[in-house]
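J.: got a sequence here, can you model it:
(chains A and B)
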Amino acid sequence: MNAPALSRRSLLLQGGALVVGFSMAGRNALAQTFAPVATDGFTKAVAPDQVDSFLALGADGRATIFSGKVDLGTGIETAMAQIAAEELDLPLDRVAVVQGDTALTPDQGPTYGSLSIQKGGVEIRHAAATARARLVQRASERLGVPVDALETRDGAVRPKAGGPGLAYAELVTDGRLDLKVDPAVNTKDPARFALVGKSVARIDIPQKVMGRFTYMQDVRVPGMVHARVVRPPAIGASLESVDEGSVAGIPGVLKVVRQGNFLAVVAEKEWAAVKAAGQLGATWSKWEGLPEQDKLWQHVRATKVTKDDLTSSTGDAEAALGRAARTLEASYDFAIHTHGSIGPSCAVAELKDGLLTCWTASQMTHALRKQLAAMTGLAPEAVRCIYVEGSGCYGRNGHEDAAGDAALLARAVGRPVRVQWSRADEHGWDPKGPPTLIDLKAGLDADGNVAAWSSQFHVPEGAAGNVPLVAADLAGLPHETAMAPGNVIQNSALPYAFPNVRTVCHRLASTPFRPSWIRTPGRMQNTYANEAFLDECAAAAGADPLEYRLRALKDPRGIAVLERVAEIAGWQARPSPAADMSGDVLRGRGLSYVKYELNRTYVAGVAEVEVDRRTGRIRVPRFFVAQDCGQIINPDGVRNQLDGNVIQTVSRVLMEEVTFDRGGVTSLDWASYPIITFPDVPEVVTALIDRPTEKPWGAGEPSAAIVPAAISNAIFDATGARLRSVPFTPAKVKAALRAT
Amino acid sequence: MAQQMSLDVNGRAARVSVDDPDTPLLYVLRDDLGLHGPRFGCGLGQCGSCTVHVDGQAVRSCITPVSGLKPGAKIVTLEGLGTPEMPHPVQAAFIAEQAAQCGYCINGMIMQSAALLNETPKPDEAAIRQALAQNLCRCGTHLRIVRAVQRAAGTL
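T.: Numbers count the residues shown, from 1 in each chain, chains lettered A, B, ... in the order given. As a prediction, the model looks like this:
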């Protein structure tokens, strides 16, 4: 029953033709060989301008798509197959997808920012359409039939008038098309779509449900050993001494690996590594470099600002504030969050003959390859990262760090090493969503309209780059030093047409924990402050929150999602708070809206809340969401993402907060960092506005952006108390109720 | 001193050798027997992703020492609950409802739900939510999971 590494993605050269072979039985297993197709003069193309980089047409009538974007549990493997099958006029079951293998797939950028379909899918669509056009041209020459008189259907080019056609395999004699992708190629008319826009069952689900799926955590390589890392008890502590004798009595322990402050134990069997990691004696220096948690916001406010990003400026906000009939001012904050993947990070690495192979659940294998090369001193060409889906990551969690650990350890022990992080490793050492503080001012004119808006966002400097690897940092190996919190300034500017606006992001030189992006980075925190503060303005103006937004919104697609969500939520026009505040359990509704990054997906949401004024406990029984992400590829997949965004963000807003002492994270398990559970999960009611003739936009993140403000606004509607500090814990709710 | 043990896993006798009688069942199933159904999530019995059936009861294999199993205990994992040709009704329902995102927690959701339906064939929605209250999902697939269990129970 011991399952060895299976070979699925082996690329075989048969009779001079490139055949991409895969076995459905071994789906999602591993390639065994390092050099994929370096025999017989063929190397698998990976350049992003080549059609062959994206697809291969097999002699068996199947197509294999090579995607640099990877499925993180969001269903894009299936969506990519739909896009390619549609463009190639192939049945869906004759398309397979290889993802994120640096030797086989083009670098389409990291899988983040809700760009997999919008960027990665469109690139695959263009490659497939270019391939199709060439196949039709070749068939035209072979059949003596004009291109216009041919059609593609079921994997073959056929004369429209009938008669024999040519299968794609017959038109691809050398296995390759050797053709540049034409980004201006004519793609299929959406009116003729048979697969795109249809709810298609996900390719991966049956195997996941039957226990046949190979996750990263299941990868086993011949000769492999198991490792556990032993992290410093405080983030910046130095390793002073290690007592190797403390684990000598555990059978199967092979080695204690120490390099600088990097410490790990390696054993033949996994449980021995777990035991040894817990038992290993080590002394560390004292380190107390973190701020006190209860002074976090003073710390953020006192952090050095390295630059200001002016993200929007219209009119003269300061002057307009000075002459406003009424001004409002508020500060909002949003706690430090962890990704909270259910499966802690894991990776396997093997260093053999100077070549490093790393099996990883990284969302950015091409970037990781360069990081591992820099860390180990190997040339990037000597490093191959092979994507294997892991537990959902929702951003840059610990997957890449586990890969760094494995690479270091593979070199240290000379055998393939599997590193499995513990729960405490994941909660303690994955990079964190940074604390965010936002100060806002608004001036209303005599009619209650926003005449002036001025906001300041306190967010770490840096963008979405490579997050430094923990192993490289601890071991003193080359690594990045810049912070990479994600594009956290996005959506600091507003989607509304106010006459005087100034939005500024103060970029901070540091933040307590190594930052990275967690689902909807910045866009969530910024939209939360903007949409909740706008609700404060609406309340001050005595206006209905929906009508108040529509006054200042000129974008018809934005108006459409707001009207749609109002319709499904049964929105009653009236100002907040609600008139009836009697009883112990108060009910309210709150609205929120986003145009993601002000240039793509539109989302509007309505939260319904119940506030128990005795306990301060918030429940969100129902959440309504309407989304326009342009052309929808798989509606059921999009709905699954909407559910996920809403439920995960309700959890983040009501419950989640990383706790820490002066040395490190103290919320190291699910008891100390609780997340939402079944009894509290809201019903999610969704409405999709499909626009088949528009560009496809992202759906993985945008709907999370609207959740925090919708809840804050609903609490205000129910109680007249304004919650401005995420998470909205019972203690904060009770304090806010006392203050009203 | 390595200890030889015989386990009944998915209806078959399996011989395993464990160095430490405290080895949790999860590691034996995954590392010695190569199973992929039960998953390591926390090692603390908090998340449920390691759930297996022992004599029909849902058990957290990450905190179950292999030496603590009763002789002859019948262990069933997700692989043994049903087969691709003959999926268990709960597995069929999860596929029909497309009730997974990353799917890492789904082992526990299915094993816990199958145990629930053994005891309570027609639970209402609140009972399903309560039965799964100690199973964590981070992707936010809860609603589909509840619907899948209702479908399996024939109450959808």
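J.: ok, the closest residue to chain B within the stretch 251-400 of chain A - contacts?
T.: Chain B sits closest to residue A:392 of the stretch 251-400 of chain A, with a gap of 3.4 Å, by C-beta to the nearest C-beta. To be clear about C-beta, it is placed using only N, CA and C from the backbone, and glycine gets the same treatment. Neighbouring residues of residue A:392 by C-beta atoms under 8 Å, 6 or more residues apart in numbering or on different chains: A:72, A:73, A:341, A:342, B:101, B:102, B:104, B:138, B:139.
J.: helix or strand: which one has it?
T.: Under the criterion DSSP states H and E, no helix or strand holds residue A:392.
J.: nearest spatial neighbour of it, skipping sequence neighbours?
T.: residue B:102 (3.4 Å; C-beta to C-beta, 6 or more residues apart in numbering or on different chains).
J.: so which helix or strand takes in the one you found?
T.: With DSSP H and E as the criterion, the answer for residue B:102 is that it lies in no helix or strand.
J.: report the contact partners of it.
T.: Per C-beta under 8 Å, 6+ apart, neighbours of residue B:102: A:72, A:73, A:342, A:389, A:390, A:391, A:392, B:138, B:139.
J.: state the pair within these that is farthest apart.
T.: Within the contacts of residue B:102, two members stand farthest from each other by C-beta to C-beta: A:389 and B:138, at 14.6 Å.
J.: can I get the helix or strand residue A:735 falls within as CSV, trimmed to CA atoms?
T.: Assigned by DSSP H and E, residue A:735 falls within helix A:730-739. The C-alpha coordinates for helix A:730-739 follow below in CSV (Å, rounded to 0.1, in the frame of the first residue of the first chain):
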residue,chain,number,x,y,z
PRO,A,730,-18.0,41.1,22.1
ALA,A,731,-15.8,43.3,24.3
LYS,A,732,-15.5,45.9,21.6
VAL,A,733,-19.2,45.7,20.8
LYS,A,734,-20.2,46.1,24.5
ALA,A,735,-17.9,49.1,24.8
ALA,A,736,-19.3,50.7,21.7
LEU,A,737,-22.9,50.1,23.0
ARG,A,738,-22.0,51.7,26.3
ALA,A,739,-20.6,54.8,24.4
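J.: got the buried residues for that helix?
T.: For helix A:730-739, a neighbour-count test (16 or more other C-beta atoms under 10 Å in any protein chain shown) marks A:732, A:733, A:734, A:736, A:737 as buried.
J.: ok, the third one touching residue A:618?
T.: No: counting by C-beta atoms under 8 Å, residue A:734 sits too far from residue A:618 to count as a contact (10.9 Å).
J.: for residue A:481, grab the count of nearby residues.
T.: 6 (other C-beta atoms under 10 Å in any protein chain shown).
J.: quick one: contacts for it?
T.: Here residue A:481 is in contact with residue A:468 (C-beta under 8 Å, 6+ apart).
J.: gap between it and chain B?
T.: 30 Å (C-beta to the nearest C-beta, to the nearest Å).
J.: regarding residue B:15, what is its secondary structure?
T.: Put simply, residue B:15 is strand when judged by DSSP: H, G, I helix; E, B strand; the rest coil.
J.: so who does it touch?
T.: B:4, B:5, B:6.
J.: next, give phi and psi for residue A:265.
T.: With angles defined as degrees, to the nearest 10, residue A:265 sits at phi -120, psi 140.
J.: stretch B:142-156 near chain A at all?
T.: Yes: using C-beta under 8 Å from any C-beta of the partner chain, stretch B:142-156 comes into contact with chain A via B:142, B:143, B:144, B:145, B:146.
J.: what residues does that stretch touch?
T.: A:640, A:643, A:647, A:678, A:681, A:683-684, B:89-90, B:92-94, B:96-100, B:106, B:109, B:113, B:116-117, B:121-125, B:128-129, B:132, B:137.
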